[in-house]
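**Q** Structure for this input, please:
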Amino acid sequence: MTVLRVCYKHGARFDEGYYISTHTPIVHAVMGPHGAKNLEMIRVTATPGAPPPPYQVIFSAYFDSPARLQAALQDPRIGEVMGDIANFHDGGPDVMIGEVVALGPGIRN
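**A** Below is the predicted model:
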């Protein structure tokens with residue numbers, strides 16, 4: 001399974017209401033037809049120790065394969081998703097793509 005992570009930096013404006021009510025449905029409309037599943041938003045509240053967390057929100061979308069994610073990222077409407085970021089966040093997010101790795105028997109991932 002392939003995961004797309006979009007990480008919104010701590011300390012910059014982030015309009016959570018807009019993100020949930022407007023941006024997330026756009027993301028779903030563009031990526032859903034390409035097999036996006038388990039879309040999730042994590043509000044980062046703390047890190048161990050004193051420093052503030054580097055990110056305030058982390059978005060994840062899971063795909064069955066790298067090819068399905070690539071198809072989503074090449075969708076003609078992906079510009080709509082990217083262009084909407086300025087409506088809820090100041091600054092550019094960090095984007096990461098990874099592979100979900102099973103940790104072993106008895107350990108859920």
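**Q** can we go C-alpha only for contacts and neighbour counts from here?
**A** Noted.
**Q** which stretches of this structure have low pLDDT?
**A** 103-109 (pLDDT under 70).
**Q** those strands in it, which residues are they?
**A** Ranges of strands within the chain are 2-9, 37-43, 55-63, 94-99, based on DSSP state E.
**Q** need the ones you listed in JSON lines with mean neighbour count and distance to I85, can you?
**A** As requested, the strands of the chain are arranged in JSON lines below (neighbours: other C-alpha atoms under 10 Å; distance: least, C-alpha to C-alpha, whole Å):
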{"stretch": "strand 2-9", "mean neighbour count": "20", "distance to I85": "10"}
{"stretch": "strand 37-43", "mean neighbour count": "14", "distance to I85": "15"}
{"stretch": "strand 55-63", "mean neighbour count": "20", "distance to I85": "13"}
{"stretch": "strand 94-99", "mean neighbour count": "13", "distance to I85": "12"}
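**Q** now these as JSON lines including distance to V81?
**A** Rendered in JSON lines, the data for the strands of the chain read as follows (distance: least, C-alpha to C-alpha, whole Å):
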{"stretch": "strand 2-9", "distance to V81": "12"}
{"stretch": "strand 37-43", "distance to V81": "15"}
{"stretch": "strand 55-63", "distance to V81": "13"}
{"stretch": "strand 94-99", "distance to V81": "13"}
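**Q** Relative to G49, which of those is closest?
**A** The closest approach between G49 and any of the strands of the chain, judged by C-alpha to C-alpha, belongs to strand 55-63 at 15.0 Å.
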